[in-house]
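Student: mind looking at a prediction? Sequence and model below.
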Amino acid sequence: MIVWERRPAPSRALAWATPVLAVALTVLAGGVLFALLGKDPVLAIRTIFWEPLFGPFAGYLRGQIAIKAAPLILIAVGLSFGFRAGVWNIGAEGQYIVGALCGAAAGLALWPAETRWIFPLMVLAGTLGGLVWAMIPALLRVRFGTNEILVSLMLVYVASNLLAWAALGPLRNPEGLGFPGSRNLRQWASSANLELVPGTGLHWGGVAALGAVAAGWVLLARHPFGFAVRLMGQAPRAAAFAGVAPSRVVVLCMALSGGLAGAAGLFEVTGPAGQVSIDFAAGYGFTAIIVAFLGRLHPGGILLAGLLMALTYVGGEMAQQRLNLPAAAISLFQGMLLFFLLATDLLATHRPRWRRAAPSASPLPAAAPEEAR
Amino acid sequence: MTDALLTIRGLTKTYPGVVANADVSLDVRAASVHALLGENGAGKSTLVKAIYGLVRPDRGTMTLAGRPHAPSSPREARAAGIGMVFQHFSLFEALSVAENVALGMEDPPPLRDLGARIRDVSREYGLPLDPGRPVRDLSAGERQRVEIVRCLLGRPRLLIMDEPTSVLTPQEVAILFATLRQLRAEGVAILYISHKLEEIRALCEEATILRAGRVVATCDPRETPARRMAEMMVGGSLRIPARAAPAPAESPPVLEVEGLSLASPRGGGLRDVSFAVRAGEVLGIGGVAGNGQEELLLALSGERRTAPGAIRLRGEAVGALDPSARRARGLLCAPEERNGHAAAADMTLTENAFLSARVRAGLVRRGFVDWAAARRFAEGVIRAFDVRAPGPEATARQLSGGNLQKFVIGREILQKPDVLVVAQPTWGVDAAAAAAIRQALLDLAAGGAAVVVVSQDLDELMEIADRFAALNEGRLSPARPVAGLSVEEIGLMLGGAHGMEVAHSRHAGAAA
Amino acid sequence: MDLSAISPALLFASLMVASTPILLAALGELVAERAGVLNLGVEGMMITGAVAGFAAAHASGSAALGFLGAAAGGAALSALFAVLVLWLRANQVATGLALTLFGLGFAALVGQGYVGLRAPPVPRPEIPLLRDIPVLGPVLFRHDLVVYLALGLVAGVWWFLHRTGAGLRLRAVGENHDAAHALGHDVRRIRLLAVLFGGACAGLGGAYLSLVRVPQWTEGLTAGAGWIALAIVVFASWRPWRLLLGAWLFGGLTVLQLNLQAARVPVPVELLSTAPYLVTILVLVVISSGRGRAALAAPGSLGQPFHASR
């Protein structure tokens, strides 16, 4: 039987190698899955991972990757701080929707004015909208000790109902012949969030995502707040001893993730999506959770993980069209990735050792045999 | 030996990098109390865990009453007639006494019958217990009774006791010893783990002394001087810390605590605690764990806030300030639990230095962490306090208990505190490191700081404190000069045995 | 708007039906949490059970076999969770989330072939005499078997936890796994069984949605029921009978909201549909603000990793 032994110090090399291992295992398991679905596994994997980058349509598809990666990275960087501190905001999807709604509403209130201050105003409104939505679970946890996981998640369902209501009611395009959905924000110069450099897919959301990666990196490595976040997650009592106020960290982490998710929603609704519609929410808020973990809760890792996840989206769409692969296969694929990642995580802090069959109740040895303090 | 109940020959157990037991041989006779003596880390716990089936030895044989003994689980060990009373971690707070007992039995009878049996056994051995009460509401002494009764219901031939007196008052210790002597008279063998020499001399007929996993000596503790056993235990002569001159009585107090009360969610807490410490003075606060020590430390460090005036530093009310603000004013703390409270186990020593020295050592520059300065500070602590560590980038987890404690205490001392509050400074620390830590605290006081030491170790407090006060059920006794205090007086200050004398005196007549 | 169309008796009768899926899922989660394991994957296990149950029922033509398949499906998914959390020591929160994401994707994939099909009917016991009692008859005695099974399961779980030795050991493991280990109880085995039971119950709850409530397969048909089940466990302070109360409260709310929609209350449907979620939040706040009572009732080792490090 295998016995896991704690390494004296966590292996840094393995900490970065395990995500790669997890991706490799997912590709393998995915191949088996595709074979079971009656598809050619090699072709399917090739279509998902190779075609978007180097295939005949790569020029267009690479831009699509950047478009899909931007919201994922933006949201995941925000989430990573909370996850490190033990603040589980899993309602980023709701904050993303509310951000988009608030930003769009702020802009549409001024329609059809033409001034360049409208877009920044919308970004601000979107960020604040997501932030305020995230403050609900944050303040409830701080004030009443209510579980933020459940509250933030319940608010996703509330937000998607709000979205449907807004698309059918207050934000509906009066000139839309009764169809649900708002005015097209892409076609209104004051609010359009278009490609900045042709062919790259980079819009303001991508710029914000890169900014968030850089700022998050500095915050985590060099700022007392980043230290407080790490300390609170690893040793809450030591954090209290160090003078970290837990409620402050909870509120700041939630504000950060909610604000960034709201901004991501705004960039999406003014750019790639173009309007507030019932099917606006595409699950970026949930996928960003995987991205955050896959990137080891580190901004640099999240940048890479976000690009990889965007690749599976774009490649998945290709596979859907070409191989008639079901859309659900891709979300299954992403779930598997997170599983393999969690399963291989142990390798960084522990090493496996083979042992001859030990009694079932035999405990595992720790480095210090006596006084386990 | 033919009359041995338990025989151990050549038992060896290694963990990666550590030899916990090396070729240990031992005989425990029936109807005797056998002491297993050694410093923390000497291998006592590993040895008894092997006997109790919690650890499987790499080599060696055990024989119980003439039959091979190789339990693969505590269940098998219990079936073979072995009972064990643990030092920590084996009670369930939310469950009742009877449920707790049932969990340690093979075929527990229905709870109603079990309750009656618990009453019988606890009366028989002078250990009163109410089977229906939740363990959450019991005192430390009562909790230990639950453990003992749990073992006794299994009618053990060999009873293992792991540091049973570390949480008891002197009076409770006397009652426990009466119970153990009664068991011995009934033919039970007792394997008694301790590092308290006077206890062992009072109770045991035989002693096996372990050092670094090996048996270094066996002796009859009734005829061996405590000093001699201590030398065998630590393998050298003890260094008694040098005492500074007593603090001048006329200097004004640096730290004053006045009417400090603090509720605790787990019961206990602090009730109207008052004391004062002067510069250059060491105040020792003794008492059994769970009587408010933790809350006192949290209140002083700022992890829990109080009324502003309840804590005054040089006259300034600091009770409502957070830990960082108190550090800035010179009030520093070193909590009891090293890994997880005083330090973060998976962080480097540099990061752990930043953890508490951020303000006073100026480790934040223009809003950002100055990691180079933090590293220099950590290196300074390592050097000044002889911390055995690969370097400042080693994680706290990589250090042994004693070295991490030296780092934690050193980290606070190098910040030049005006007041330092330390809890259990030498708990689980080897003798050499303990002596170094005590000396460092005395030097700090000699340099003009006020030092408060909260400890369960009375010997330690007698050694380094100028004045002594006892914390019992959240109340602090008036502090008295250590010079001239007797053990009996200390026992009375600690608060007696929570009404156990009556129960036992009734039974003592029968046993005599 | 016509509120008089809402009949209290019918409301209560449909409440019993509407509360059954969350009751089943919450009951399973309660057992897992009493053993100290926080499995946030209830939603994923429920929807897996929903599709597995539908597939099994469709293939065999028997609703009973469908429920069996659902329990097996939920348990299989929870076994994955157990291996990750108990053996590979993965973080319970993250693994639970992964389980939900995985379950949703898996169910959507498998369910593609079943969209638009109808499920075989679930047997309803003919309870003579009782079913003809006015008011009480329709409210209590005209339901399908699973409703009564769920009620029986509540009693069974209560009896198991508080009246049997195995139940005591399960509570002990959840209360303090280090102590249980020191006494020689196999923490991981007990937890594995508790997690499997939780998965099977969540699967049953999911199948009740796809075979009785809806009754057909649609993607995402659990719509947060698994998360509500998690909330109800907290609401119930980890006690089986209070769980029943919680499930009825939320079942009632769902039914009431549907009735209000049907009665054309002048509030947009979308906003009315948020009611169960908003009330869940409200209840969580009320429970958690009760001066730490909820915190005290929570199993001592809930969500903590167990290392057996001695």
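Tutor: Noted; the coordinates are in hand.
Student: buried ones in stretch A:120-129?
Tutor: A:121, A:122, A:123, A:124, A:125, A:126, A:127, A:128, A:129 (16 or more other C-beta atoms under 10 Å in any protein chain shown). All C-beta atoms are positioned from the backbone trio N, CA, C, and that covers glycine.
Student: in helices, which of those fall?
Tutor: Under the assignment DSSP state H, the buried residues of stretch A:120-129 contribute A:121, A:122, A:123, A:124, A:125, A:126, A:127, A:128, A:129 to helices.
Student: nearest to residue A:302 among the residues you listed?
Tutor: residue A:127 (18.9 Å; C-beta to C-beta).
Student: ranges for the helices of the stretch 101-250 of chain A?
Tutor: A:118-144, A:148-168, A:204-222, A:224-234, A:236-242, A:246-270 (DSSP state H, counting those that start in this stretch).
Student: could you say which of the ones you listed is packed most deeply?
Tutor: For those, the largest average neighbour count (mean count of other C-beta atoms under 10 Å in any protein chain shown) is found in helix A:246-270, namely a mean of 27.
Student: tell me the confidence at residue 31?
Tutor: If you meant another chain, say so; for now it's chain A. Per-residue confidence for residue A:31 comes out at a pLDDT of 89.
Student: let me rephrase: I mean chain C.
Tutor: In this model, residue C:31 carries a pLDDT of 97.
Student: what about the helices in the stretch 51-200 of chain B?
Tutor: Going by DSSP H, counting those that start in this stretch, the stretch 51-200 of chain B shows helices at B:74-79, B:97-103, B:111-124, B:140-153, B:170-185, B:197-203.
Student: in TSV: those, plus mean pLDDT, distance to residue A:319 and mean neighbour count.
Tutor: Conversion of the helices of the stretch 51-200 of chain B to TSV gives the following (pLDDT from 0 to 100; distance: least, C-beta to C-beta, whole Å; neighbours: other C-beta atoms under 10 Å in any protein chain shown):
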stretch	mean pLDDT	distance to residue A:319	mean neighbour count
helix B:74-79	88	54	20
helix B:97-103	91	54	26
helix B:111-124	88	61	16
helix B:140-153	85	62	22
helix B:170-185	87	72	19
helix B:197-203	84	74	18
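Student: give the residue farthest from the middle of chain B.
Tutor: Relative to the C-alpha centroid of chain B, counting by C-alpha atoms, centre = their mean, residue B:366 is the outermost residue, at 42.8 Å.
Student: residue B:401 and residue B:455: what is the separation?
Tutor: Residue B:401 sits at a distance of 16 Å from residue B:455 (criterion: C-beta to C-beta, to the nearest Å).
Student: for residue 148, what are its contacts?
Tutor: If you meant another chain, say so; for now it's chain A. Residue A:148 makes contacts with A:87, A:88, A:89, A:137, A:138, A:140, A:141, A:250, A:254, as judged by C-beta atoms under 8 Å, 6 or more residues apart in numbering or on different chains.
Student: that was the other one, I meant chain B.
Tutor: So residue B:148 contacts B:85, B:125, B:127, B:179 (C-beta under 8 Å, 6+ apart).
Student: need the residues you listed in JSON lines (columns: distance to residue B:315).
Tutor: Formatted as JSON lines, the contacts of residue B:148 follow (distance: C-beta to C-beta, whole Å):
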{"residue": "B:85", "distance to residue B:315": "49"}
{"residue": "B:125", "distance to residue B:315": "54"}
{"residue": "B:127", "distance to residue B:315": "50"}
{"residue": "B:179", "distance to residue B:315": "51"}
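Student: which of those residues sits closest to residue C:202?
Tutor: residue B:85 (41.3 Å).
Student: next, the contact list for the residue nearest the centre of chain A, please.
Tutor: In chain A, the centroid-proximal residue (C-alpha atoms, centre = their mean) is residue A:288; its distance is 1.4 Å. Counting by C-beta under 8 Å, 6+ apart, residue A:288 makes contact with A:71, A:72, A:75, A:76, A:79, A:92, A:261.
Student: hang on, the earlier thing: can I get the helices of the stretch 101-250 of chain A in TSV with distance to residue A:6 and mean pLDDT?
Tutor: Output for the helices of the stretch 101-250 of chain A, formatted as TSV (distance: least, C-beta to C-beta, whole Å; pLDDT from 0 to 100):
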stretch	distance to residue A:6	mean pLDDT
helix A:118-144	32	95
helix A:148-168	28	91
helix A:204-222	25	95
helix A:224-234	15	95
helix A:236-242	19	94
helix A:246-270	27	96
